[in-house]
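# let's see this in three dimensions:
(one chain, ligands or ions: 1)
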Amino acid sequence: MTMNSKLMVGNWKMNGSLAANASLLSDTLSGLGGVSCRAAVCVPAPYLAQAHSLLTGSSMALGAQDVSAHESGAYTGEVSANMLRDFAVRYVIVGHSERRQYHGETDAVVATKAQRALAAGITPIVCVGESLAEREAGQTEVVVKRQLAAVIHANGHCISEIVVAYEPIWAIGTGLTATPEQAQAVHAVLRAQLQAATAHADRVSILYGGSMNAANAASLLAQPDVDGGLIGGASLKAPDFVSMLKAASR
Ligand code: 13P
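You can find the predicted model right below:
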C-alpha cells in the first residue's frame, strides 16, 4: 500500500480527433467535483499541445503513450523525452504490451525509455504483464519479475520515482478482468521486488490495467496493493472515467 492517493490514468491509445478530444476533456473536467485522487490522461503525440492547453489549470495531469529510447538526432518518427517536457507531460507509458508485441520492444529498450523519462523529470509508467499462455503455464510471476527487473537494474536508486502498471495481456480490451485476488497476488509480488530494490517502495504506485471499468473499479481498488488504474476503453467515455475517478477518491 502506498502513502499516496490513488492514481487513475486514462490511456486513449490510437483514438481521438481534435473535436472528439475537446468534448471528452471538457465533459471529464466538468465532472471532477469531489474527485480527490490523482488523475491523468495519456494522449496520442499529435494531441499533446491541444490537451496541454485544455488541461492547464485543471487537476488532471497530461501523459504520453511512449517516448524514444534516444535523446535526440536522426531517429525519424520518434518523440524525445525533452519534447514531451515542452508540453508539461507528467507521465509517459513505457513498455505497454501493445508496443512490446507489435513494435518488438525488449525489456532492455523499455528500461532505457524509463531512464530517458526520469532524466527529463517525467514519471515513467512501466507496464508489465503476462500472456494467457504464460499464465496457463504458471509463468506469471517469472515474466512480470523479469520485465520489472530490467527497469530496476537500469534505474538504480531512481526506482522509487517510477509508476508500475500490471496489465495482464489476456485482460486488455477483452472484457476479461483479472479478479481482485488475481491482481492483488501479482501486485504483492511486484511490491516485494521493489522493496528489495529500494527503501521507498511504498512510494511507488502499482496500477492495475485490463478491462477496468466503472462496474469493477471499486473492488480492484479495494485491494491493498492496487494503487490505481491504467484504463483504456473506459477512459474514452467521460461518464465512465469520471465514475472511476470517484471510486478511486473514496
Ligand atoms: P482496456 O482498459 O481497454 O482493457 O485497456 C487497458 C490498457 O491496455 C491500458 O493501458
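
# ramachandran coordinates for residue 41?
phi -130, psi 130 (degrees, to the nearest 10).

# hmm, I was thinking of residue 104
Here residue 104 shows phi and psi, under degrees, to the nearest 10, equal to phi 60, psi 30.

# residues contacting the spatially closest residue to residue 149 that is not a sequence neighbour?
What sits nearest to residue 149 in space, not counting adjacent residues and going by CB to CB, 6 or more residues apart in numbering, is residue 193, at 7.2 Å. The way it works is simple: take the backbone N, C-alpha and C, and place the C-beta from them, glycine included. Contact partners of residue 193, counting by CB atoms under 8 Å, 6 or more residues apart in numbering, are 145, 148, 149, 152.

# how about the last one, secondary structure?
Think residue 152. helix (DSSP: H, G, I helix; E, B strand; the rest coil).

# so how many other residues sit close to it?
Using other CB atoms under 10 Å, residue 152 has 20 other residues around it.

# for the first one, same thing?
By other CB under 10 Å, the residues close to residue 145 number 16.

# returning to what we had before: so the residue nearest to residue 149 sits in a helix?
Yes. Assessed by three-state DSSP, residue 193 belongs to a helix.

# can you tell me the closest non-neighbouring residue to the closest residue to the ligand within the chain?
Per CB to the nearest ligand atom, the residue of the chain with the smallest distance to the ligand is residue 232, at 2.3 Å. Nearest non-adjacent residue to residue 232, counting by CB to CB, 6+ apart: residue 11, 5.2 Å away.

# verify the stated contact: the one you found with residue 234.
No. Assessed by CB atoms under 8 Å, residue 11 is found out of contact with residue 234, at 10.3 Å.
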